[in-house]
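Asker: Return a 3D structure for these sequence lines:
(one chain, ligands or ions: 2)
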Amino acid sequence: MKINLDLHTHTVYSHGKGTIEENAVSAKEKGLYGIAITDHGFSHPAFGMRRKKVAKMRRECDLAEQKTGVKVLLGIESNIRGRDGTIDVKPSDYENLDVVLAGVHKFIFYKTVGDFGKLLLKNMLHDKFKIKASDKLIKYNTECYVNAVKNNPIDVLTHVGFGCVCDAVEVAKACADYGTLFEISTKKTHLTDEEWQKVIETGVNFVVDSDAHSVDRIGDTALACELFKRVNFPIDRIKNIDGQIPTLRFTEFKQKHGIK
Ligand SMILES: [Zn+2]
Ligand SMILES: [Zn+2]
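Answerer: Numbers count the residues shown, from 1 in each chain. Ligands and ions are numbered 1, 2, ... in the order given. Coordinates of the predicted model:
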């Protein structure tokens, strides 16, 4: 299996180790068609991208593409900030971006105090201290994901369920309905094999992404290869491997609304 377009890579603009050009060079060495630079969203005080740096990042992407011949898209891994599905990418950011990912991350600026209590604290109690998640928490987390997909033109939901226990089937159904791709991360295992099986049955489309925070991991497929031995994925529905290039929801949204 080979990734053609690795839609999830980090650089020094958040807490990745490589520069944009170094990520692109690594992608070229590995024979990838392209990568997206998707640093963490603006509402992460420590690791988030800064809006004032976006124009510079765009220039670096264009330069890296010219130098390497590898497609270099500028994206963002936005943060889901609460139950209403708010993410930290605003419509005014759209024209500067090619790709919008979204995921749940810790220690960001949450939408409300209630969101801080659930999305951060209750999930941490479950994740770190193995306190059983209540049905209420699972329902809340599921709503965060589903509303994010409904209300924003998100290309890919990243590592669904990682540190945020949810009903992955409901989340996948929303992705299938709205044309958001469901990520198979090769950085971390985020669902059980049984959950993956049920997610496949929703008909959702997938991408395999490295979530590389260092250049050596660009295009890495190892964890997905292991998963595919245990769970029978329909390969034609994994839209960025083995010659396929995905149609991106955000690109279509921008075209439809005349955003350059
Ligand atoms: Zn992430
Ligand atoms: Zn990431």
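
Asker: For the rest of this, base every contact and every neighbour count on C-alpha atoms.
Answerer: OK.

Asker: low-scoring pLDDT stretches of the stretch 1-150 of the chain, where are they?
Answerer: Counting by pLDDT under 70, the stretch 1-150 of the chain contains no low-confidence segment.

Asker: Show me where it has its strands.
Answerer: 5-9, 34-40, 71-79, 99-103 (DSSP state E, counting those that start in this stretch).

Asker: where's the first one relative to the chain centroid, distance-wise?
Answerer: Centroid separation between strand 5-9 and its chain, computed with CA atoms, centre = their mean, to the nearest Å, is 9 Å.

Asker: Show me the contact partners of it.
Answerer: For strand 5-9, the external contacting residues (CA atoms under 8 Å, 6 or more residues apart in numbering) are 23, 32-39, 77, 101, 208-213, 218-219, 240-241, 245.

Asker: and if we set it to 6 Å?
Answerer: Residues external to strand 5-9 that are found in contact with it (CA atoms under 6 Å, 6 or more residues apart in numbering): Tyr33, Gly34, Ile35, Ala36, Ile37, Thr38, Asp209, Asp211, Ala212, Gly219, Asn240.

Asker: Can I get these in CSV including neighbour count and distance to Ala176?
Answerer: Below are the contacts of strand 5-9 laid out as CSV (neighbours: other CA atoms under 10 Å; distance: CA to CA, whole Å):
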residue, neighbour count, distance to Ala176
Tyr33, 18, 25
Gly34, 21, 24
Ile35, 30, 23
Ala36, 24, 22
Ile37, 29, 24
Thr38, 29, 22
Asp209, 29, 18
Asp211, 28, 22
Ala212, 26, 25
Gly219, 28, 25
Asn240, 23, 16
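
Asker: The residue found closest to Phe182 once you drop the neighbours it is linked to in the chain and His10: what is the separation?
Answerer: Once flanking residues are discounted, Phe182 sits nearest to Phe206: 4.6 Å by CA to CA, 6 or more residues apart in numbering. From Phe206 across to His10, the span is 20 Å (CA to CA, to the nearest Å).

Asker: separation between Gly258 and Tyr94?
Answerer: Taking CA to CA, one finds Gly258 at 11 Å from Tyr94.

Asker: neighbour-wise, which of the two wins?
Answerer: Taking neighbours as other CA atoms under 10 Å, Gly258 and Tyr94 compare with Tyr94 leading, 19 against 9.

Asker: so Asn79 makes contact with Ile87?
Answerer: Yes - in this structure Asn79 lies within contact range of Ile87 using CA atoms under 6 Å: 5.4 Å.

Asker: thought Thr186 was touching Ala212?
Answerer: No - Thr186 is beyond contact range of Ala212, at 8.7 Å (criterion: CA under 6 Å).

Asker: For the strands of the stretch 1-150 of the chain, give me TSV that also has distance to Ala224.
Answerer: Shown next, in TSV, are the strands of the stretch 1-150 of the chain (distance: least, CA to CA, whole Å):
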stretch	distance to Ala224
strand 5-9	13
strand 34-40	18
strand 71-79	20
strand 99-103	19
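
Asker: out of those, deepest packed?
Answerer: strand 5-9 (a mean of 29; mean count of other CA atoms under 10 Å).

Asker: Can you dump the C-alpha atoms of it in CSV for me?
Answerer: Extracted C-alpha coordinates of strand 5-9, given in CSV (Å, rounded to 0.1, in the frame of the first residue of the first chain):
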residue,chain,number,x,y,z
LEU,A,5,-1.6,12.4,-1.0
ASP,A,6,-0.7,12.5,2.7
LEU,A,7,-3.3,15.0,4.0
HIS,A,8,-2.0,15.3,7.5
THR,A,9,1.5,16.5,8.3
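
Asker: by how many degrees do it and strand 71-79 diverge?
Answerer: 40 degrees (axes from the mean of the first three to the mean of the last three CA atoms, to 10 degrees).

Asker: got a list of contacts for stretch 42-54?
Answerer: Tyr13, Ser14, His15, His40, Gly41, Ile108, Phe109.

Asker: count of neighbours near the fifth one?
Answerer: Okay, so that is Gly41. So Gly41, with other CA under 10 Å, has 28 neighbours.
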